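Q: Give me a model of this one.
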Amino acid sequence: MSTHAPTPVPSTLRAVQATSIALLTTTAGLSASTSIFVVPRLMELQPRTLTSQFVRAIQSAHRLLVVPLVLPGFLNAYLAYRLPAKARLYALAAVLTFSNLPWTRAVMMPLNRKMERLNADPDGSENAHEVADKWATRNLYRGVVTFVAGCIGLYAALT
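A: Prediction:
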(Lines give C-alpha, C1' and ligand atoms only; values in the text may rest on other atoms or scores of the structure.)
Protein backbone atom coordinates (compact mmCIF):
# COMPACT_ATOMS: atom_id res chain seq x y z
CA MET A 1 0.00 0.00 0.00
CA SER A 2 1.49 3.26 -1.13
CA THR A 3 1.33 6.25 1.15
CA HIS A 4 2.46 8.70 -1.47
CA ALA A 5 1.77 12.16 -0.05
CA PRO A 6 1.83 15.18 -2.34
CA THR A 7 4.93 17.30 -2.16
CA PRO A 8 4.19 20.44 -0.15
CA VAL A 9 4.34 23.71 -2.03
CA PRO A 10 7.02 26.08 -0.67
CA SER A 11 5.69 29.10 1.19
CA THR A 12 7.12 31.49 -1.41
CA LEU A 13 5.03 29.82 -4.10
CA ARG A 14 2.01 29.91 -1.80
CA ALA A 15 2.54 33.66 -1.48
CA VAL A 16 2.68 33.98 -5.28
CA GLN A 17 -0.53 31.94 -5.57
CA ALA A 18 -2.29 34.05 -2.96
CA THR A 19 -1.13 37.31 -4.55
CA SER A 20 -2.30 36.25 -7.99
CA ILE A 21 -5.70 35.06 -6.75
CA ALA A 22 -6.23 38.20 -4.65
CA LEU A 23 -5.26 40.55 -7.49
CA LEU A 24 -7.36 38.72 -10.07
CA THR A 25 -10.52 38.51 -8.01
CA THR A 26 -10.20 42.07 -6.69
CA THR A 27 -9.56 43.63 -10.09
CA ALA A 28 -12.35 41.51 -11.60
CA GLY A 29 -14.74 43.05 -9.11
CA LEU A 30 -13.43 46.55 -9.68
CA SER A 31 -13.62 46.19 -13.45
CA ALA A 32 -17.12 44.73 -13.43
CA SER A 33 -18.36 47.29 -10.91
CA THR A 34 -17.32 50.06 -13.26
CA SER A 35 -19.70 48.65 -15.86
CA ILE A 36 -22.44 47.71 -13.43
CA PHE A 37 -22.43 50.63 -10.98
CA VAL A 38 -20.38 53.59 -12.26
CA VAL A 39 -21.38 53.85 -15.92
CA PRO A 40 -25.13 53.56 -15.24
CA ARG A 41 -24.85 56.52 -12.84
CA LEU A 42 -22.90 58.46 -15.47
CA MET A 43 -25.65 57.69 -18.00
CA GLU A 44 -28.03 59.77 -15.86
CA LEU A 45 -25.96 62.90 -16.57
CA GLN A 46 -26.20 65.40 -19.40
CA PRO A 47 -23.88 64.53 -22.33
CA ARG A 48 -21.24 67.21 -21.55
CA THR A 49 -21.00 66.17 -17.91
CA LEU A 50 -21.06 62.50 -18.87
CA THR A 51 -18.07 62.85 -21.20
CA SER A 52 -16.08 64.86 -18.67
CA GLN A 53 -16.72 62.46 -15.78
CA PHE A 54 -16.25 59.38 -17.95
CA VAL A 55 -12.84 60.56 -19.17
CA ARG A 56 -11.77 61.40 -15.62
CA ALA A 57 -12.92 58.00 -14.33
CA ILE A 58 -11.12 56.11 -17.10
CA GLN A 59 -7.90 58.08 -16.57
CA SER A 60 -8.03 57.32 -12.86
CA ALA A 61 -8.73 53.62 -13.46
CA HIS A 62 -5.90 53.43 -15.98
CA ARG A 63 -3.44 54.82 -13.45
CA LEU A 64 -4.57 52.47 -10.69
CA LEU A 65 -5.53 49.20 -12.40
CA VAL A 66 -2.98 48.44 -15.12
CA VAL A 67 -0.42 46.74 -12.87
CA PRO A 68 -2.97 44.75 -10.82
CA LEU A 69 -4.58 43.56 -14.08
CA VAL A 70 -1.32 42.50 -15.77
CA LEU A 71 0.87 41.28 -12.88
CA PRO A 72 -1.23 38.13 -12.23
CA GLY A 73 -0.53 36.99 -15.79
CA PHE A 74 3.19 36.98 -15.06
CA LEU A 75 2.62 35.36 -11.66
CA ASN A 76 0.55 32.56 -13.20
CA ALA A 77 3.13 32.03 -15.95
CA TYR A 78 5.78 31.74 -13.23
CA LEU A 79 3.61 29.25 -11.32
CA ALA A 80 3.13 27.21 -14.51
CA TYR A 81 6.91 27.02 -14.81
CA ARG A 82 7.54 26.21 -11.13
CA LEU A 83 4.68 23.76 -10.59
CA PRO A 84 4.72 21.39 -13.59
CA ALA A 85 1.86 19.25 -12.25
CA LYS A 86 -0.43 22.31 -12.43
CA ALA A 87 1.22 23.91 -15.46
CA ARG A 88 -1.83 23.69 -17.73
CA LEU A 89 -4.11 25.36 -15.22
CA TYR A 90 -1.69 28.16 -14.45
CA ALA A 91 -0.88 28.63 -18.14
CA LEU A 92 -4.61 28.92 -18.87
CA ALA A 93 -4.99 31.49 -16.09
CA ALA A 94 -2.04 33.43 -17.52
CA VAL A 95 -3.43 33.35 -21.07
CA LEU A 96 -6.85 34.50 -19.88
CA THR A 97 -5.25 37.31 -17.89
CA PHE A 98 -3.11 38.43 -20.82
CA SER A 99 -6.14 38.28 -23.15
CA ASN A 100 -7.19 41.54 -21.53
CA LEU A 101 -4.33 43.33 -23.29
CA PRO A 102 -5.40 42.80 -26.92
CA TRP A 103 -9.06 43.20 -25.93
CA THR A 104 -8.31 46.54 -24.32
CA ARG A 105 -6.22 47.72 -27.24
CA ALA A 106 -8.59 46.58 -29.99
CA VAL A 107 -11.99 47.12 -28.37
CA MET A 108 -11.76 49.45 -25.39
CA MET A 109 -9.16 52.02 -26.46
CA PRO A 110 -11.12 53.15 -29.55
CA LEU A 111 -14.11 53.84 -27.30
CA ASN A 112 -11.90 55.69 -24.81
CA ARG A 113 -10.49 57.85 -27.62
CA LYS A 114 -13.96 58.50 -28.99
CA MET A 115 -15.15 59.67 -25.58
CA GLU A 116 -12.06 61.90 -25.25
CA ARG A 117 -12.87 63.46 -28.65
CA LEU A 118 -16.47 64.03 -27.58
CA ASN A 119 -15.22 65.63 -24.37
CA ALA A 120 -12.87 67.95 -26.27
CA ASP A 121 -15.57 69.07 -28.74
CA PRO A 122 -18.08 71.44 -27.10
CA ASP A 123 -20.74 70.48 -29.68
CA GLY A 124 -19.85 66.83 -30.11
CA SER A 125 -21.30 65.05 -27.11
CA GLU A 126 -24.63 64.09 -28.69
CA ASN A 127 -23.86 60.34 -28.78
CA ALA A 128 -21.93 60.18 -25.51
CA HIS A 129 -24.57 57.95 -23.92
CA GLU A 130 -24.27 55.45 -26.76
CA VAL A 131 -20.47 55.32 -26.45
CA ALA A 132 -20.66 54.93 -22.65
CA ASP A 133 -23.19 52.11 -23.01
CA LYS A 134 -20.98 50.28 -25.54
CA TRP A 135 -17.97 50.76 -23.28
CA ALA A 136 -19.79 49.38 -20.22
CA THR A 137 -20.99 46.31 -22.11
CA ARG A 138 -17.63 45.54 -23.66
CA ASN A 139 -15.79 46.16 -20.39
CA LEU A 140 -17.65 43.23 -18.82
CA TYR A 141 -15.33 40.92 -20.78
CA ARG A 142 -12.42 42.07 -18.64
CA GLY A 143 -14.25 41.47 -15.38
CA VAL A 144 -15.50 38.04 -16.39
CA VAL A 145 -12.22 36.80 -17.87
CA THR A 146 -10.23 38.10 -14.91
CA PHE A 147 -12.61 36.42 -12.46
CA VAL A 148 -12.43 33.12 -14.36
CA ALA A 149 -8.61 33.33 -14.32
CA GLY A 150 -8.73 33.90 -10.56
CA CYS A 151 -11.03 30.90 -10.09
CA ILE A 152 -8.71 28.71 -12.16
CA GLY A 153 -5.76 29.87 -10.05
CA LEU A 154 -7.70 29.13 -6.87
CA TYR A 155 -8.64 25.67 -8.13
CA ALA A 156 -5.02 24.95 -9.04
CA ALA A 157 -3.83 26.10 -5.62
CA LEU A 158 -6.37 23.99 -3.75
CA THR A 159 -6.10 20.73 -5.69
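Q: Look up the closest residue to the residue positioned nearest the centre of the chain, ignoring the ones flanking it.
A: Ranked by distance to the mean C-alpha position of the chain (CA atoms, centre = their mean), the top residue is Arg142 at 4.5 Å. Take Arg142 and drop its neighbours on the chain: the residue closest to it by CB to CB, 6 or more residues apart in numbering is Ser31, 4.7 Å away. Every C-beta, even on glycine, is put in place using the N, C-alpha and C of the backbone.
Q: what does stretch 97-115 contact?
A: The contact list for stretch 97-115, computed with CB atoms under 8 Å, 6 or more residues apart in numbering, reads 24, 51, 54-55, 58, 69-70, 72-73, 76, 128, 131-132, 134-135, 138-139, 141-142, 145-146, 149.
Q: picking up where we left off before, report how many residues lie close to the residue nearest to Arg142.
A: Number of residues near Ser31 (other CB atoms under 10 Å) recorded here: 24.
Q: and if you look at Leu89?
A: Leu89 has 20 nearby residues by other CB under 10 Å.
Q: I'd say it and Tyr155 touch.
A: Yes: under the criterion of CB atoms under 8 Å, Leu89 makes contact with Tyr155 at 6.7 Å.
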